[in-house]
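Participant: Predicted model follows, preceded by the sequence.
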Amino acid sequence: MTTPARAPTLRTQALLCLVETDPATKAAGVAALVAASRAGTLAIDSAAVLAPQGEIPGRPARPELVPPRLVGRRSMATVEGRAMLVHALAHIEFNAVNLALDAIWRFPGMPEAYYTDWLRVAGEEAHHFELLAAHLRMLGWSYGDFAGHDSLWEMVAKTSGDVLARMALVPRTMEARGLDAIPPLRAKLAQAGDEAAARILDVLLRDEVGHVEIGNRWYFHLCRERGLEPVSTYDLLTVRYKAPVLKGPFNVEARRLAGFTEAELARYIGDGLASAG
């Protein structure tokens, strides 16, 4: 299908979605972008150098952002404790929508498949946020009712100058931790009797494997393009950008499905495996 000559461009529209502050409007805007891309009515314009018109990222006045240690304890013994956990997950997914949109607009000159890959991520993360926000409302709370932290976006901001660092340290590092963390969280929610939340986490884990695989694929692409050895380059980037030190247990099977190499996985196996169920 031929794209109309004056079609709106994916990267420009992604930037507009990124600066949107209302979560529901942002999610709807991302869904519209996904639909337009599938219909072939959205040009990509990979060469354009864009400038934001608004604060990045756009987000609501609440939740209050605090250091991770001040977010609060999430006891599964009470409905409020479970709501705090669901809220924390919703906050992560909202940030993940923003990071996918940022990956689209910020870095020109990548292959077109890079931009459509990250649009897929944005669409799925927006769906995750909507699922969690709806479940939170069912529990009697709303997104913004509890505090949140900004660790994920802080790494997005640190890596704004280099797409290689972004791919290495956001999907491959920060988001990959979700592969390890989701199975035990799912087990806790199921044990507490919240089967609906447990099923949502099944969706998250399935999709997050694909998201991390996208980050891995483009990281290795960029390493090949720049003539860099991936494992040693990753180690250098973690030091340069002060990335968090990874600690086990690790969900090695999910990481394998997400495209981590056997050489990388060998590092994790010594620290134990996370439950895959």
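Facilitator: That came through fine. Numbers count the residues shown, from 1 in each chain.
Participant: Distance check, residue 234 against residue 191.
Facilitator: Distance, residue 234 to residue 191, using CB to CB, to the nearest Å: 36 Å. Bear in mind the C-beta positions are built from the backbone N, C-alpha and C, glycine included.
Participant: just residue 185 next, same as before
Facilitator: From residue 185 to residue 191 the distance is 11 Å (CB to CB).
Participant: Show me which of these two is the more surrounded one.
Facilitator: residue 185 (20 against 10; other CB atoms under 10 Å).
Participant: Let me see the mean pLDDT of the strand or helix carrying the more buried one.
Facilitator: Using DSSP states H and E, residue 185 maps to helix 176-191. Mean pLDDT, helix 176-191: 95.
Participant: got a pLDDT number for residue 5?
Facilitator: 48.
Participant: Show me how far the longest helix along the chain is from its chain's centre.
Facilitator: For the chain, the helix with the greatest residue count under DSSP state H is helix 195-226. Between the centre of helix 195-226 and the centre of its chain there are 8 Å (CA atoms, centre = their mean, to the nearest Å).
Participant: what does stretch 127-144 give?
Facilitator: In terms of CA atoms, centre = their mean, the centre of stretch 127-144 is set 17 Å apart from its chain centre.
Participant: how about that stretch: buried residues?
Facilitator: 127-133, 135-136, 139, 141, 143-144 (16 or more other CB atoms under 10 Å).
Participant: Could you do stretch 45-64 as well?
Facilitator: Buried, per 16+ other CB under 10 Å, within stretch 45-64: 45-46, 56-59, 63.
Participant: Can I get that stretch as PDB, trimmed to CA atoms?
Facilitator: Taking Å, rounded to 0.1, in the frame of the first residue of the first chain, the C-alpha atoms of stretch 45-64 are listed here in PDB:
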ATOM      1  CA  ASP A  45      10.200  10.000   8.300                       C
ATOM      2  CA  SER A  46      13.200   8.300   9.900                       C
ATOM      3  CA  ALA A  47      15.600  11.100   8.900                       C
ATOM      4  CA  ALA A  48      13.700  14.000  10.600                       C
ATOM      5  CA  VAL A  49      15.300  15.700  13.500                       C
ATOM      6  CA  LEU A  50      12.500  16.700  15.800                       C
ATOM      7  CA  ALA A  51      12.200  19.200  18.700                       C
ATOM      8  CA  PRO A  52       9.800  18.600  21.600                       C
ATOM      9  CA  GLN A  53       7.000  21.100  22.200                       C
ATOM     10  CA  GLY A  54       6.300  20.400  25.900                       C
ATOM     11  CA  GLU A  55       7.800  18.700  28.900                       C
ATOM     12  CA  ILE A  56       9.100  15.200  28.400                       C
ATOM     13  CA  PRO A  57       7.600  13.000  29.500                       C
ATOM     14  CA  GLY A  58       4.100  14.200  29.800                       C
ATOM     15  CA  ARG A  59       2.500  12.800  32.900                       C
ATOM     16  CA  PRO A  60      -0.300  13.800  35.400                       C
ATOM     17  CA  ALA A  61       0.300  15.700  38.600                       C
ATOM     18  CA  ARG A  62      -0.200  12.500  40.600                       C
ATOM     19  CA  PRO A  63       1.300  10.100  41.600                       C
ATOM     20  CA  GLU A  64       3.800  11.900  43.700                       C
END
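Participant: Thank you kindly, that will do.
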